[in-house]
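Q: Okay, sequence plus prediction incoming.
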Amino acid sequence: MREAGLAADQVAVWDLPLRIFHWTLAGLVVFSFVTGKVAGPWLEWHMRSGYAILALVLFRLAWGVVGSQTARFTAFVRGPRAGLEYLEAALARRPLQVLGHNPLGGWMVVFMLALLLVQAATGLFVDDEIATQGPLAGTVSNALVARFTTLHRYNEWVILGAVVLHLVVIAAYHWGLRVNLVGPMVHGHMAVRAPVEPPRTASTLLAGVLFALACAAVYWLVIIFPRAAA
């Protein structure tokens, strides 16, 4: 990590699969929250959105292991010391230059993925006792369904808080540190001081295969397994 200075070059940091994942997930999270609150016939779309979120999260977990360099968890999940060093530099308005997620942002990524995984997984077991029931609700006891339903309802507010925090941090970077975090996630490039070696990029075809496998896993959970367990 180096201190950020005036940009001299544009380096490709975020690959296309990761950018598509990011914006699709963001849209689905908003859609899921709104449809969950509107309820009624929209709950069917709420559940479908949840299945899509689960597939995306499973893909991201796999991409975090075998994907592009900046997408891998080993590249941005750092210890407390690295996080404190980055925080100190940021508070001094001298943010360290990092290609990809910084040490604090990396832990935020892990936290968000964990929250969304819990939300999507518990959604498979929920039962509103009116007209909507998750595909796996019939495979566990009523007591467990009640626990999952409660956790699903409370966790959505934790997710909302995490999203608000994420937006506040983006705004602080933009106006306080003059660092654009949104642009690179759109076009994939980050302004850096030369010379910087571009991160290694994984195959887009591999990303497609992993996403297809994630979708297949969700299909099995939602359609095949409940029928087999009935």
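A: Good, I have the coordinates.

Q: And the helices in the chain?
A: Ranges of helices within the chain are 16-38, 42-66, 73-76, 80-91, 103-123, 142-176, 182-187, 204-219, 225-229, based on DSSP state H.

Q: okay, those helices in a markdown table with mean neighbour count next?
A: Heads up, the C-betas are built off the backbone N, CA and C, glycines and all. A markdown table is the format used below for the helices of the chain (neighbours: other C-beta atoms under 10 Å):
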| stretch | mean neighbour count |
| --- | --- |
| helix 16-38 | 17 |
| helix 42-66 | 19 |
| helix 73-76 | 17 |
| helix 80-91 | 14 |
| helix 103-123 | 19 |
| helix 142-176 | 14 |
| helix 182-187 | 14 |
| helix 204-219 | 16 |
| helix 225-229 | 12 |
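
Q: Can you say which of those is nearest to residue 10?
A: helix 182-187 (8.8 Å; C-beta to C-beta).

Q: For that closest one, enumerate the helices and strands it packs against.
A: helix 16-38 (3 or more C-beta pairs under 8 Å, 6 or more residues apart in numbering; DSSP states H and E).

Q: now the helix it packs on: how far from the chain's centre is it?
A: 9 Å (C-alpha atoms, centre = their mean, to the nearest Å).

Q: before we move on, the earlier item: want to throw the helices of the chain into CSV with distance to residue 130 and mean pLDDT?
A: Listed next are the helices of the chain as CSV, based on distance: least, C-beta to C-beta, whole Å; pLDDT from 0 to 100:
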stretch, distance to residue 130, mean pLDDT
helix 16-38, 14, 97
helix 42-66, 9, 97
helix 73-76, 40, 94
helix 80-91, 45, 87
helix 103-123, 16, 96
helix 142-176, 12, 95
helix 182-187, 39, 94
helix 204-219, 25, 98
helix 225-229, 20, 89
